[in-house]
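**Student:** Let me see the structure of the following:
(2 chains)
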Amino acid sequence: MAEEVIIEAGHAAKNYWRDLWKNRELLWILSRRDLLVRYKQTLIGASWAVIRPLATMTVMVFVFSKVAKFKGDEGVPYSLMVLAGITIWTLFSTTFTQISHSILLNSNLVTKTYFPRLIMPLSSVVVGFVDFLISIGLFLVMAVWQNHLPGWQIILLPFFLALTLMASLAFGLIFSVMNVRFRDIAQLIPFLVQIGFYACPIAYTSSLVEESQGAWWYNLYYLNPMVSIIDGFKWCLLGDGSFFKVSSLYPTIGLIVVALYFSIYYFRKEENSFVDYI
Amino acid sequence: MAVIVAQNISKKYIIDHQKAARRGRNFRDTFSEKFKHFFGKGQEDEVEQEEFWALRNVDFTVNQGDVVGIVGHNGAGKSTLLKVLSKITEPTEGRVSIKGRVASLLEVGTGFHPELTGRENIFLNGSILGMRRQEIKEAFDSIVDFAGIEKFLDTPVKRYSSGMYVRLGFAISAHLSPEILIIDEVLAVGDADFQKKCLGKMRDVSQSGRTILFVSHNMAAVQSLCNRAFYFEHGLLKMEGDTTHVVNNYLSHVAKTQLERYWETPEEGPGSDEVRFRLVKVAPEYQPGKQYIDVRTPLKVQIEFWNMEERANLNLSLHLYAFTGECIFNVGTTSQPFDKGLVSATLDIPGNFLNDGSYMISVMVVKDTSSVLYQFSDAVSFEVEDHREGVTWYGKWPGYVRPQFNFQISQAEVLV
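**Tutor:** Alright, predicted model coming up:
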């Protein structure tokens, strides 16, 4: 006969992960919805996905290399470095933002129907990821044009990609839960993303930071898990010429794994009461 | 076989009286509260938190094939119960075990996205309700047909009329094939034609042996569709059992009725210097075994007032208002002279005259057929419940009156 479901206070559904797997179609449909809706009633439609990263890169390269006269690492074209940095940072910041808002944006579903709530943050990753694919295509075109093609290091790209998505989940999930009760989070997020943009090696390279080893902020800089991920990602695309301190990666991995474990735990603990506070 | 067993379930909400709602709190509020508590301030004067039990110690069992109607006033805990059973919110205490695939319809068209087309929304809504992609594909043509929106399949639903929107939403949910179906007041929306379609579909589902839990304020529908009923009041399961029994009990408790107003002495009664009311009363002649007024019930209105003047030419005028404020009728007595003292009057409102609904009565005392001595507004109020025989349609019966005029139909000629 059919399965038996127990509903009880604080009862973590035994089959949660199986339910999540069973609902994978819903996950796909929700992501598809977000993708479809995105460029509805626009004139040029999906072209926006190409125009936006291209325009951002152009402005940044102009401002940082022509006006502020920033230098990249030796033997690495500055514009390529910026584009690589923007690509991975945009992936992190958009997925992080989307995840943080995912529960609130779907509040009509939360109050009227049940499915494992993790589906909402997970499905919201897809939009950011599609943007990322377009952006990386753009990078490859630019790399051919500048005659600086990626080397063997590119095979490690999926690893850094996975770390980025894990990081945005780890931080995004906690925020998405808090956002349900405290709308302050919605105010805080754009601000955090803006700080992150300057605190991470996007427009500059970490080798500049290495010159200030004694400074009080030197260790703080590497506490930011995104620093080593971005360095690693740039190294994958730009080769050995790009600065990457491998030893900075280990604490990052540790931090992300712990944070992810904790945030999933927190999410699972709170998800059944979302509807009471939303 | 028991498919739903609820043991002692309770659901508690905390209501903040100072802040209007739980909705959208911010850090500062919580921090400043904590801060004040830390310094031993602000416990009594600042935030009054009140516990509110939306459900309290509810126990019941639902067997396979049961069609259970859930009745009760607004805020009695019906919707909370459905939310608990649908796993949308978890109970504060207690335990429920459910055997079988559950589908909940708490809303028509849950998750519809206005920018997406009808076609896209069918897949979106179907998935949200728990259908597999393959199932939706198989049911697709039938859904479109049922909703009658072929022409608009590729139009964004934001351009749909509200009727089309609701029809599409219901068409999708009608193609669910769960073992247990939970429905909340879906019938409250849509026109009569649509409600009829919904009820027909629900009857089909129940006849196929599936279990249904159905919240509704439409007593006629509950009585026709359900074999059992639960009556909730203030979060408690007040009564359960045979539908007719439970519904009768519920209806006899329906509030907002004040059938009688009575005052001992002229000093207490409402009125003016010339007249004082003693009694305004609606005395129903209930149907056998019923304790509430339905469309068949004859009503006798009794009015008594003290006349304080000698030899006054008086008459009574009675207005019956629908709850919406329209006057349904106005009847008056003849004008005649009365001595100082008590005057009494009765009015018969026959059965099979008023339609179901809420009504109020106002009474006026008029002197010399021209000047109003006193108008007693909303003196008494009562509710008329629905009752139908020999019909299978349960939409709202239109009109304020439902008289049974002599209306004959016959075969005039036979075509050979």
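
**Student:** Please, where are all the helices along chain A?
**Tutor:** Listed in chain order, the helices of chain A (DSSP state H) span A:16-22, A:24-38, A:48-61, A:78-105, A:107-110, A:119-145, A:157-181, A:184-199, A:206-210, A:218-223, A:225-238, A:249-270, A:274-277.

**Student:** The last one vs chain B: in contact?
**Tutor:** Yes. Looking at helix A:274-277 against chain B by CB under 8 Å from any CB of the partner chain, the contacts come from A:275-277. For every residue, glycine as well, the C-beta is placed using N, CA and C.

**Student:** and those, which are buried?
**Tutor:** A:275-276 (16 or more other CB atoms under 10 Å in any protein chain shown).

**Student:** between the residues of helix A:274-277 next to chain B, which is nearest chain B?
**Tutor:** Of all the residues of helix A:274-277 next to chain B, chain B sits closest to residue A:275, with 4.7 Å by CB to the nearest CB.

**Student:** Quick check: buried residues in stretch B:290-308?
**Tutor:** Quick answer for stretch B:290-308 (16+ other CB under 10 Å): B:290, B:292-299, B:301, B:303-308.

**Student:** what does the helix or strand containing residue B:165 rub up against?
**Tutor:** Using DSSP states H and E, the element containing residue B:165 is helix B:162-174. For helix B:162-174, contacts defined as CB atoms under 8 Å, 6 or more residues apart in numbering or on different chains pick out B:103, B:105, B:107-110, B:112, B:118, B:121-122, B:125-126, B:129, B:143-144, B:146-149, B:152, B:157, B:160, B:186, B:189-191, B:194, B:197-198, B:201.

**Student:** picking that back up, and the residues of helix A:274-277 next to chain B, which is closest to residue B:99?
**Tutor:** Sorting those by how near they are to residue B:99, with CB to CB, puts residue A:275 at the top with 24.0 Å.

**Student:** Read off the pLDDT value for residue A:10.
**Tutor:** pLDDT recorded at residue A:10 is 67.

**Student:** Check whether residue B:260 really touches residue B:280, as I assumed.
**Tutor:** Yes. Assessed by CB atoms under 8 Å, residue B:260 is found in contact with residue B:280 at 7.4 Å.

**Student:** Low-confidence ranges, the stretch 1-150 of chain A, go.
**Tutor:** The stretch 1-150 of chain A contains residues with pLDDT under 70 at A:1-2, A:10-14.

**Student:** what does it have sitting close to chain B?
**Tutor:** With the criterion set to CB under 8 Å from any CB, the stretch 1-150 of chain A comes near chain B through A:1-11, A:25-26, A:29-30, A:33, A:36-37, A:40-41, A:106, A:108-115.

**Student:** which element follows the least confident helix or strand in chain B by mean pLDDT toward the C-terminus?
**Tutor:** The helix or strand of chain B with the poorest confidence is helix B:27-38; it has a mean of 60 (mean pLDDT, DSSP states H and E). Counting by DSSP H and E, the next helix or strand C-terminal to helix B:27-38 is strand B:49-63.

**Student:** Contacts for that following strand, please.
**Tutor:** B:1-17, B:68, B:77, B:80-81, B:84, B:91, B:94, B:211, B:213, B:228, B:230, B:234-237, B:240.

**Student:** repeat that for 6 Å
**Tutor:** B:2-16, B:68, B:77, B:80, B:235-237 (CB atoms under 6 Å, 6 or more residues apart in numbering or on different chains).

**Student:** Out of those residues, name the ones that lie in helices.
**Tutor:** Going by DSSP H, the helices hold residue B:80 from the contacts of strand B:49-63.

**Student:** What ranges in chain B fall below the confidence cut-off?
**Tutor:** Using pLDDT under 70, the flagged stretches of chain B are B:16-48, B:186-192, B:254-257.

**Student:** Write out the residues of it neighbouring chain A.
**Tutor:** B:24, B:26-27, B:86-93, B:95-100, B:106-107, B:110-111, B:113, B:115, B:124, B:127-128, B:133, B:179 (CB under 6 Å from any CB of the partner chain).

**Student:** List the ones among these that fall in helices.
**Tutor:** Per DSSP H, the subset of those in helices is B:27, B:124, B:127-128, B:133.

**Student:** Reformat these as JSON lines; add neighbour count.
**Tutor:** Converted to JSON lines, those look like this (neighbours: other CB atoms under 10 Å in any protein chain shown):
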{"residue": "B:27", "neighbour count": "14"}
{"residue": "B:124", "neighbour count": "24"}
{"residue": "B:127", "neighbour count": "24"}
{"residue": "B:128", "neighbour count": "24"}
{"residue": "B:133", "neighbour count": "14"}
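
**Student:** ok, of the residues of the stretch 1-150 of chain A next to chain B, which come out buried?
**Tutor:** Counted by 16+ other CB under 10 Å, the residues of the stretch 1-150 of chain A next to chain B give A:5, A:7-8, A:25-26, A:29-30, A:33, A:37, A:106, A:108-115 as buried.

**Student:** before we move on, back to that, winner for burial among the helices of chain A?
**Tutor:** Here the criterion is mean neighbour count by mean count of other CB atoms under 10 Å in any protein chain shown, and of the helices of chain A the winner is helix A:225-238, at a mean of 25.

**Student:** I would like the residues contacting stretch B:396-416, please.
**Tutor:** B:295, B:322, B:328, B:352-353, B:355.

**Student:** By neighbour count, which of those residues wins?
**Tutor:** Within the contacts of stretch B:396-416, residue B:295 tops the neighbour count with 20 neighbours, counted by other CB atoms under 10 Å in any protein chain shown.

**Student:** residues in contact with it?
**Tutor:** Going by CB under 6 Å, 6+ apart, the list of residues near residue B:295 reads B:356, B:384, B:387, B:402.

**Student:** neighbour count winner among residue B:260 and residue B:280?
**Tutor:** residue B:280 (24 against 13).

**Student:** got the domain boundaries for chain B?
**Tutor:** For chain B, automatic domain parsing gives the domain ranges B:2-23+B:49-252, B:260-384.

**Student:** what's the burial count for residue 155?
**Tutor:** Using chain A. Residue A:155 has 10 neighbours, counted by other CB under 10 Å.

**Student:** not quite, I wanted chain B
**Tutor:** Using other CB under 10 Å as the criterion, the residues surrounding residue B:155 number 14.
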